[in-house]
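1. Predicted model and sequence follow; I will ask about them next.
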Amino acid sequence: MTVPTQSDPTAQAFDPAEVLGDELIERIRERAAVADRENAFFDEDLVELRACGYLRALVPTDLGGLGLGLSEVTRLQSRLATAAPATALAVNMHLVWTGVARLLHERGDDSLRFVLDGAAGDELYAFGVSEAGNDLVLFGSDTEARPGSDGSYRFHGRKIFTSLSPAWTWLGTTGLDSTSADGPKVVYGFIERSRGGFEILDDWDTVGMRASQSRTTLLQGAEASAEHVVRRLEPGPNPDPIVFGIFACFETLIAAVYTGVAERALRLAVETAHRKTSKKAGGASYASDPDIRRRIAAAAIAYDGMLPQLSSVARDLDDGVDHGTLWFPKLVGLKVRATETAREVVDQAIRVAGGGSYFAASELGRLYRDVLAGMFHPSDDESAHATVANAWLGPA
């Protein structure tokens, strides 16, 4: 018996299996356990994802891409996450940048057109924004952005959680220009791997999401040429479309990954309940045990609530719906619901599976470790609640 298929009835025309076929998903799932055990990057997954056009998913068809919207890509990312959460999480960073470039392009802003063109040529874009202790995230930076006379910038600083570290070809990053006459400005720019000016530390030894290889990156004068400097913004909250685009794509795609984690955990719980038998119950399967049934029902109810919110937000972004000041509360609410609910579902699945899931080789045990990463992605629980409270109650 399998978990009933649940999907958005308005999106039946798109089948994620047409891009990520069943055989590909199974190969990725088999490799996920090895990558986790060896703390290795998902090189083989990346080769196959490139081959099926996955890096071009959000690139418009007239620019050489698959022409998918966020609504379709969230479904793809959830499907990928059912096989390999760490692969999906890392690929998210590439999809964030291509998603931002797509949103801007559709609104007549081609400042990130080179990202779409690059992705069409299978370039891989990583996200180098996070800094230890910097809870301003997009609104400030501890990295120095030193201007050149030709409009270029050189970045000096320490970026953490840089997913795709072994393989990215371009790194989108931020820094603070405190020396220009009109400063300070938060500078957004892209650096090319082949031009150097950085060091990637081999320091990714974590509890979960190990294959993402989200290593620390030391920027040591890495240069973004003038044509790859895309914004100079005032520090602090900013209405610039790039800020909204990054936030919207990041939160939505993160939610998609953890929705996939929840789906996989639920399926494994169902399989385990049918497979295990109880001597106390005369050899009957645990699927007949009322306590097990209640746990799986609770997990299914929680999972079912994730799907419509994710679908609705992604579709509204594709359609350009204007939620005004409520957009940010909607986005942080989606992220928090997805990551926290995924933890609840995985926890219920672990309880159903029993002690076998405590072993490192258990897929549920790996999901239990992977799902913990959700609490660390922006926006965290405290920041999200502050955002929502400000929207409904006004500033404190």
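-> Received the coordinates, thanks. Numbering: from 1, shown residues only.
2. Let me know the pLDDT of Ala281.
-> At Ala281 the predicted local confidence, pLDDT, stands at 69.
3. I meant to write Arg79 there.
-> For Arg79, the predicted pLDDT is 98.
4. what's near enough to touch it?
-> If you count contacts by CB atoms under 8 Å, 6 or more residues apart in numbering, Arg79 has them with Pro16, Ala17, Leu20, Ile25, Gly260. To be clear about C-beta, it is placed using only N, CA and C from the backbone, and glycine gets the same treatment.
5. Going by residue numbers, what spans are strands in the stretch 201-350 of the chain?
-> Counting by DSSP state E, counting those that start in this stretch, the stretch 201-350 of the chain has strands at residues 215-224, 229-233, 277-278, 284-285.
6. Just say which of the ones you listed is most tucked in.
-> Stretch with highest mean neighbour count among the strands of the stretch 201-350 of the chain: strand 215-224 (a mean of 20; mean count of other CB atoms under 10 Å).
7. Residues contacting it, please?
-> With CB under 8 Å, 6+ apart as the test, strand 215-224 has contacts from 128, 143, 146, 148, 152-160, 162, 165, 171, 173, 175, 187, 189-191, 195-204.
8. Mind giving me the ChimeraX command for buried ones among the residues you listed?
-> Buried members of these can be picked out in ChimeraX with the line below, counting by 16 or more other CB atoms under 10 Å:
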select :128,143,146,152,153,154,155,156,157,159,160,162,165,171,173,175,187,189,190,191,197,198,200,204
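9. pretty sure Thr162 is in contact with Gly128, am I right?
-> Yes. When contacts are counted by CB atoms under 8 Å, Thr162 is listed as touching Gly128 (5.2 Å).
10. which residues are common contacts for those two?
-> Shared contacts of Thr162 and Gly128, defined by CB under 8 Å, 6+ apart, are found at Leu171, Thr217.
11. Can you give me the neighbour number for Asp43?
-> Per other CB atoms under 10 Å, the neighbour tally for Asp43 reads 12.
12. Would you agree it is in contact with Leu164?
-> No. In this structure, Asp43 is not within contact of Leu164 by CB under 8 Å, at 11.3 Å.
13. Show me the domain layout of this structure.
-> As given by automatic domain parsing, the domain ranges for the chain are 9-120, 125-233, 241-393.
14. re earlier: put together TSV for the strands of the stretch 201-350 of the chain, with distance to Thr61 on each row.
-> Shown next, in TSV, are the strands of the stretch 201-350 of the chain (distance: least, CB to CB, whole Å):
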stretch	distance to Thr61
strand 215-224	29
strand 229-233	24
strand 277-278	52
strand 284-285	49
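15. which one of those strands lies closest to Pro395?
-> Nearest to Pro395, of all those, is strand 229-233, at 21.5 Å by CB to CB.
16. Name the strands paired with that closest one and say parallel or antiparallel.
-> For strand 229-233, the pairing partners within the sheet under DSSP bridges are strand 185-192 (antiparallel).
17. Which is the succeeding secondary structure element to the partner strand?
-> strand 198-200 (DSSP states H and E).
18. Pull up the pairing partners for that following strand, direction included.
-> Take DSSP bridges as the rule and strand 198-200 pairs in its sheet with strand 215-224 (antiparallel).
19. the bottom helix or strand of the chain by mean pLDDT?
-> Sorting the helices and strands of the chain by mean pLDDT, DSSP states H and E puts strand 277-278 at the bottom, at a mean of 78.
20. Work out the gap between that one and the centre of the chain.
-> The chain centre lies 39 Å from the centre of strand 277-278; the measure is CA atoms, centre = their mean, to the nearest Å.
21. what do you get for stretch 328-342?
-> With CA atoms, centre = their mean as the basis, stretch 328-342 stands 13 Å off its chain's centre.
22. Identify the residues contacting it?
-> With CB under 8 Å, 6+ apart as the contact definition, stretch 328-342 has outside contacts at 247-248, 251-252, 254-256, 258-259, 261-262, 265, 302-303, 305-306, 309-310, 313, 323, 371, 374-375, 377, 379, 381, 383-385, 387-388, 391-392.
23. go with 6 Å
-> Here stretch 328-342 makes contact (CB atoms under 6 Å, 6 or more residues apart in numbering) with 248, 251, 254-255, 258-259, 261-262, 302, 306, 309, 313, 371, 374, 379, 384, 387-388, 391.
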